[in-house]
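Undergrad: how does the following fold in three dimensions:
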Amino acid sequence: MLWSAVTLGAYLVAIGLYRRSGHHQLCLPVLTGTALVLVALALTGIDYPVYAEATRVLRWLTGPAIIALAVPLYSQAALLRRLAVPLLVALVVGCVVSVLGTLGLCALMGTPWPFALSLAPKAATMPMAMLAADRAGGIPAVAAMAVVASGVLGTLLSGPVFRWLGVEDERVRSFTLGLVAHAIGVARVLQTHPEHVAFAALAMGLNGVGTALVLAGLSHGL
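TA: As a prediction, the model looks like this:
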């Protein structure tokens with residue numbers, strides 16, 4: 001339980017820093033909290049596999065946490081049904097562009113195909129991305145790293161991009177964050193605009209399924 005307590009303590013410190021900074025994106029808890037844990041591991045000389053085994057209870061709790069997102073989805077079900085068509089169009093376009101765009105860029109840069117397949121599901125949640133990459137012939141560990149990078153960078157860059165495009169509707173912003181930055185984006189919405197978290201959660205869940213289906217179709221077609 002020691003490392004679980006250390007992880008929770010790092011998270012609490014990161015949350016406090018995040019709030020004091022006025023929810024500055026560079027102070028995202030996933031960044032500062034991870035940095036604190038890494039410092040603790042480096043100082044104690046503990047290897048990551050040991051840490052992962054010691055904190056398996058926390059990983060298990062992510063399952064119920066994701067399922068709990070069904071509550072805001074249910075509470076805003078009527079609104080989501082009214083916006084079903086534009087949400088579905090945005091989801092399909094975003095999902096396809098994310099996967100095909102990544103594979104296209106990798107092809108232009110001469111990236112080995114297994115590595116490209118590992119990067120393609122970067123916008124999905126980590127369990128889905130790792131499984132989709134593995135079944136398509138990619139490398140699950142690389143997929144996990146791509147998911148983290150996509151979540152952090154997507155959240156950090158979303159503000160400037162929204163301002164540049166003139167997107168002011170918080171529902172659109174929330175849906176986009178869930179689509180491109182998965183759980184990290186949902187956490188950002190939950191902290192800044194919790195009344196719109198249903199849009200982010202819906203995008204995260206459906207994009208994970210869509211990404212897995214697109215990648216599976218491509219891998220079987222090739």
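
Undergrad: make it CA atoms for all contacts and neighbour counts henceforth
TA: Noted.

Undergrad: thought Leu131 was touching Pro140?
TA: Yes. Using C-alpha atoms under 8 Å, Leu131 makes contact with Pro140 at a distance of 6.9 Å.

Undergrad: which of the two has more neighbours?
TA: Pro140 (22 against 18; other C-alpha atoms under 10 Å).

Undergrad: list the contacts of that one.
TA: 118, 129-131, 133-134 (C-alpha atoms under 8 Å, 6 or more residues apart in numbering).

Undergrad: now these as CSV including secondary structure, pLDDT and distance to Leu108?
TA: CSV is the format used below for those (DSSP: H, G, I helix; E, B strand; the rest coil; pLDDT from 0 to 100; distance: C-alpha to C-alpha, whole Å):
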residue, secondary structure, pLDDT, distance to Leu108
Ser118, helix, 91, 16
Ala129, helix, 86, 23
Met130, helix, 84, 24
Leu131, helix, 84, 25
Ala133, helix, 88, 20
Asp134, helix, 87, 23
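
Undergrad: show me which pair in those is furthest apart.
TA: The span of these, defined through C-alpha to C-alpha, is set by Ser118 and Leu131 at 10.0 Å.

Undergrad: Val97: which element?
TA: Taking DSSP states H and E as the definition, Val97 sits inside helix 84-108.

Undergrad: still on that earlier bit, which one of the contacts of Pro140 is nearest Leu2?
TA: For these, the nearest to Leu2 is Met130 (27.9 Å; C-alpha to C-alpha).
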